[in-house]
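Novice: Give me a model of this one.
(one chain, ligands or ions: 1)
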Amino acid sequence: MLLTEILKFALRYWFVVIPAVITGWLLKNKYNRGLNKYPGHWLAAYTDWWRFWDVWHRKTEKTHLKLHRELGDVIRLGPNTLSFADPKAIKVIYGLNKGFTKSEFYPVQQAVSKGQRLPSLFSTTDEDYHSKYRRCVNNAFAMSSLVSFEPLVNKTINVFLDQTGKIFASTGKSCNFNQWLQFFAFDVIGDLTWSRRIGFVEQNEDVDGIVKFIGDFLSYAAPVGQMPLLDLVFKKNPIFMLSQKWGLNNTIFPATRFALARSAERAGEMDKVRETGLPPPSSKGTTDNPGGIDLLTRFTQAQHAHPEFMTDREVLTACVSMVFAGSETTAISLSTVFYMLVTHPRVYQKLMEEIENAVRDGGIEPRETGTVSWGESQKLPYLDAVIQECFRVHPAAGLIVERVVPKQGIEICGRFVPGGTIVGCNAWVLHRRPEIFGEDVDVFRPERWLEADAAKLRDMKATMFQFGAGARTCIGKNISLLEIYKLVPSFLRRFEISLVDPTKPWRLHNAWFVRQLDFNVRFTARRVQATV
Ligand code: HEM
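Specialist: Now for the predicted structure:
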């Protein structure tokens, strides 16, 4: 009765009721559980459309840095979202057993199969499921496993160097270096995961459109992740989910298709691994093909050890998430190193001297291919300083790494934040803290890593956030370091790199990961033996 009266009233006076409801909703957002005390862009307090709009414009790392510099260490990015710039926040927000969970930003990145979401190690918000999953696969990524990955990485590096010579250096053709490094990173992950490259480097093309697919997917997921409800309208809507469930729509991610094909090829071999827990004989390799234990084998070994948890689905999603999480991020980091070198000739020259001296003194074996081993790369302090500085000035992830505050609320850097609030840090902001890295934070200067005393260095390292932190920190960190520390000196020994147009800087595109565009270069072959 009362409801009918209210409805009648609302219909009659809709021109007053609608603005009143909208105003009420906006005010509720603005004063949401006391978050109005935090500064930010004025629109951010009222609606998440502001952060959607900002991320849509692909320059969010700049927005966050500017707002923090102007407004302080805590800023409001949305009615329910805060960004923290103080490095002390890292330990609280990402610390172990603090009760924070990943936000709804992550499920937007979930693949769907037969109408069901496929939560991965990266995208699951269920921390209990995550910790069981991570326990099962952790061993595969330990530093000690690197030894068995190195032969797999070597194979791709050698093909990559030869192809660079053949396609670009010997023809004088210019190279879209960021894309070329993406091809490398995707092929390494293919080799590490399935002992089989996807074929990007050999064919010099985006096989099956996988790179484009992931690029487009991230460009969608970054803004939509700011308002995850939109995903239920655009991509994971009931019509799409039901049509998948009933088999009317069999769209499948190209990386998943590749993964399914590789698993089918090796089904017999993996059955034995699942049964015995032992790696297959092929992993021993031969003199021509050095072998190595790939991730598919390791995840299947985890199935043997944890049959109650690891099903075929967990093995498949773990393999696919390697491609999603490990390729674009590594390619971005590699591009940064090469770009910073070509745009800072002093640093480039100093690094070349270090590498040449190591070859001359026997610190690097004089291999014909010019490749540098992981062990050798670890004895090059300037290389290490260059790579650290590149991670500092251009971390791959360019948005806040979102977490939800536990129900009871928590104190972060002296401020009580109510439960349910989305909080996070952006590596681009943390890495430019002058009290940690020095007043010249905006300058690319690898020497800062060599000059710092032990205490300062400890603070600098503790503030580095390129791999995230805590329980959800990057599981592939060691693998990516293996790739980067090996490829950079190996490539520099074989080729001299110059920009096609030194007056034209690259462009950045922040779609969760900050991709580089217009990084066009030429290569000149160097005589590797001449350095010995
Ligand atoms: C330089 C290269 C890389 C960078 C900068 C990077 C960065 C990150 C970051 C920031 C996170 C945390 C995300 C979050 O908390 O929301 C993460 C997680 C993850 N990364 Fe990486 N990553 C890199 C390479 C790799 C590689 C090579 C692999 C796989 C072989 C990989 C697999 C993963 C996975 C599976 C997770 C989720 C871990 C979990 O939640 O337990 N990453 N990565």
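Novice: Count the neighbours of residue 7 for me.
Specialist: 10 (other CB atoms under 10 Å). Using the backbone N, CA and C atoms, a C-beta is placed for each residue, glycine as well.
Novice: Tell me which helix or strand it sits in.
Specialist: helix 2-12 (DSSP states H and E).
Novice: Pull the residues that contact that helix.
Specialist: With contact meaning CB atoms under 8 Å, 6 or more residues apart in numbering, helix 2-12 is reached by residue 17.
Novice: after it comes which helix or strand?
Specialist: Taking DSSP H and E, what comes next after helix 2-12 is helix 14-30.
Novice: Now the element after that following helix, going C-ward?
Specialist: Counting by DSSP H and E, the element after helix 14-30 in chain order, helix or strand, is helix 49-56.
Novice: Go through the helix or strand following that following helix and flag the buried ones.
Specialist: Note on helix 49-56: by DSSP H and E, the next helix or strand toward the C-terminus is helix 60-71. Buried residues in helix 60-71, defined by neighbour count with 16 or more other CB atoms under 10 Å: 60, 61, 63, 64, 65, 67, 68.
Novice: Report the separation between the third one and the ligand.
Specialist: Right, the one you point to is residue 63. Distance of residue 63 to the ligand, computed by CB to the nearest ligand atom, to the nearest Å: 19 Å.
Novice: Test my guess that that residue contacts residue 54.
Specialist: Yes: between residue 63 and residue 54 there is a contact under CB atoms under 8 Å: 5.3 Å.
Novice: who's in contact with stretch 71-82?
Specialist: 29-30, 32, 35, 38-40, 44-48, 50-51, 64, 67-68, 83-86, 226, 400, 402, 413, 415, 417, 420-424.
Novice: Then stretch 408-420?
Specialist: Residues contacting stretch 408-420 (CB under 8 Å, 6+ apart): 33-35, 73-74, 80, 82, 84, 86, 88-89, 92-93, 98-99, 404-407, 423.
Novice: any idea how far the ligand is from residue 279?
Specialist: The spacing between residue 279 and the ligand, counted by CB to the nearest ligand atom, is 18 Å.
Novice: and residue 496, that one's in a helix?
Specialist: No: under DSSP: H, G, I helix; E, B strand; the rest coil, residue 496 sits outside any helix and is assigned strand.
Novice: Spit out the contact partners of it.
Specialist: Taking CB under 8 Å, 6+ apart, one finds 523, 524, 526 in contact with residue 496.
Novice: bridging residues for it?
Specialist: Beta bridges link residue 496 to residue 524 when assigned by DSSP bridges.
Novice: Now do it against the ligand, distance only.
Specialist: 25 Å.
Novice: what pLDDT does that residue get?
Specialist: pLDDT, residue 496: 98.
Novice: Tell me which residues of stretch 193-206 come out buried.
Specialist: For stretch 193-206, by 16+ other CB under 10 Å, it's 193, 194, 195, 196, 197, 198, 199, 200, 201, 206.
Novice: could you check whether it is close to the ligand?
Specialist: No: against the ligand, stretch 193-206 shows no contacts by CB under 6 Å from any ligand atom, the least distance being 7.7 Å.
Novice: Quick check: end-to-end length of that stretch?
Specialist: This stretch, stretch 193-206, spans 18 Å end to end (CA to CA, to the nearest Å).
Novice: Stretch 438-456 now?
Specialist: End-to-end for stretch 438-456, by CA to CA: 10 Å.
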